[in-house]
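Enquirer: need coordinates for the below:
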Amino acid sequence: MPVPVARALRREVATLPETMRASLLTVWGVPALLLLALPLFKRVYPAVKQLVDSFSPQKRSAFKEFVLVEHPRKGEYAFAFLTGSVTVEGEPMQELVAAFVPTNNLYLGDIILIRRDDVIPTGLSIEEGIRIILSAGTATPGRIRRPG
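Expert: Reported below is the predicted structural model:
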């Protein structure tokens, strides 16, 4: 590799956060250095890494609960993963929960904000929920009991 190119790549790598640098080099090795020279890759990689990390076994805590929500319209229900909560300020102030509704396997979906009272708990674990989604619903139990 020519010296000017190697210097440019080192500068590019140095601008990345340490955790990103480590994971990029661990997964991709030396070819990653070449990819970093591409401005598009440098912009897209952090978002893709965050998405992939959120579904990794170590980071499944991003999903708080596996639930049912009324979506996309009244009378129709979808499985969802609760991911957080949001306070909408104003009159009246509302507490909403963020729910991720997978629409294509597990990686794509809708993020909806819904009142906590409108969420139907399933009592199923996050792992069971992932299995249901990845099986296209074939792993759905015959009955779901509301906890409590």
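
Enquirer: may I have the beta-bridge partners of the closest residue to Phe63 other than its chain neighbours?
Expert: Nearest residue to Phe63, sequence neighbours excluded (C-beta to C-beta, 6 or more residues apart in numbering): Phe81, at 4.0 Å. The way it works is simple: take the backbone N, C-alpha and C, and place the C-beta from them, glycine included. When bridges are called by DSSP bridges, Phe81 pairs up with Phe66, Phe100.

Enquirer: which stretches of the chain have low pLDDT?
Expert: 1-10, 12-37, 42, 45-61, 105-106, 147-148 (pLDDT under 70).

Enquirer: what are the boundaries of the strands in it?
Expert: Remark: strands assigned in the chain by DSSP state E are 65-70, 77-88, 94-104, 108-115, 120-121.

Enquirer: just name the most buried of these.
Expert: strand 65-70 (a mean of 20; mean count of other C-beta atoms under 10 Å).

Enquirer: neighbouring contacts of that one?
Expert: Applying C-beta atoms under 8 Å, 6 or more residues apart in numbering, the contact partners of strand 65-70 are 76-82, 99, 101, 112, 114, 118-122, 124-126, 128-129, 144.
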